[in-house]
Structure formats: C-alpha cells, structure tokens
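Chemist: fold the following.
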Amino acid sequence: ALRTLALRHDAPWARSTFSRKGRCFWGVSHGEVNAYGPPIGQHPPRSVPVVMHSKRERSDIIASLQAFQSFGVPGAGYKQLCVIDGLADAFILSAASTYKWDTCAGHAILRAQGRPLCAYAGDRGELRYDDTEHRSNKEGLFVARTTELASLIRATLPS
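Modeler: This next block holds a predicted model:
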C-alpha cells in the first residue's frame, strides 16, 4: 500500500516574539521506495535513551521505564514527530486512545525511515489501515529508533 504524507512541526521552542517557525516533514513508503525529508535532526548523543509516553499512561508502565529518561507528553502525532526528528528514541501508548487518522501521517514517515509503528499489545505487528471494522488503534502504539532499543524497552514493559 502507498503511504505518503506531509506534516508541519511547529516547535514551541522555535517561536519568537514576531514569528513562528516550524519544519515540514514528509515521507513516502511504497514497495521498495522509501524516502523522507528533511534529514533526521542532529542532536547531541545521549547516554540514556529518551522514551515518550502519554501523560495518562498506566503507572506500572511508567514505573517500568526507570532505566530510561521518560516524559509524559500529550499528542500521538507530536510524540511520533519527536522520534522522527531524533528528539526522542521511542514512543509508547498502551491505551486505545488514538485513531488511525491520528497516526497514519507520522507512520508513513517512520516507515520511510525504517521504523515501523507497531501495536503495543496483541500481535505487536505493524499497524494496518485496511481494517474497516476497527478505526481505533485498539492495541496501543509502540515505535523505537532501532530494533535493539525496541527489544530492550519491550523487555522492561509489563504485559
């Protein structure tokens, strides 16, 4: 399936008194073609991975992330953009509180970068958009910048 998108990232830290700055992210993932832009942001190396989660995430999940630097922030799209741009290393959402239209744009960019957006629970497979019966992301969301980090985080999370 063809996945393409464009997102504008209006970074609150880029605002000034007289203007608002933002970045436009785009991605295409179709068969063997994967392209995205702009390049992943250059950020200082981190000794501890940054994991973003919902502000209303389950307390047992937050407790299991003690080995990581974790932040509760609103907005599934914003958290995806933070992983896309390299500001965060992973994003977890255990609840069925988002819909496919909330995640499809960011998912296309993540997929183009080689980072599939997967279900937090259930079969933990990559999200699909051909299921007309379930419009919510009923098994939550999970993405990490590398497969090694995904395995490390998954090993700490409660089932």
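Chemist: and the helix ranked longest in the chain, what does it pack onto?
Modeler: Criterion DSSP state H: the longest helix present in the chain is helix 100-112. Applying 3 or more Cβ pairs under 8 Å, 6 or more residues apart in numbering; DSSP states H and E, we find helix 100-112 packed against strand 3-9, strand 23-30, strand 33-37, helix 76-84. Quick note: C-beta positions are derived from backbone N, CA and C, even for glycine.
Chemist: what angle separates the last one from strand 23-30?
Modeler: Meaning helix 76-84. Going by axes from the mean of the first three to the mean of the last three Cα atoms, to 10 degrees, helix 76-84 is angled at 80 degrees with respect to strand 23-30.
Chemist: could you list the buried residues of helix 76-84?
Modeler: 76-84 (16 or more other Cβ atoms under 10 Å).
Chemist: name the nearest of those relative to Val143.
Modeler: Nearest to Val143 among those, counting by Cβ to Cβ, is Val83 at 5.7 Å.
Chemist: I figured that closest one was touching Ala90, is that so?
Modeler: Yes - the criterion here is Cβ atoms under 8 Å, and Val83 meets it with Ala90 at 6.7 Å.
Chemist: now for those two: what residues contact both?
Modeler: Both Val83 and Ala90 are in contact with 52, 143-145, where contact means Cβ atoms under 8 Å, 6 or more residues apart in numbering.
Chemist: point to the residue nearest the middle of the protein.
Modeler: Taking Cα atoms, centre = their mean, the centroid of the chain lies closest to Gln80, which sits 2.9 Å from it.
Chemist: leaving out sequence neighbours, find the closest residue to that residue.
Modeler: Gly106 (3.2 Å; Cβ to Cβ, 6 or more residues apart in numbering).
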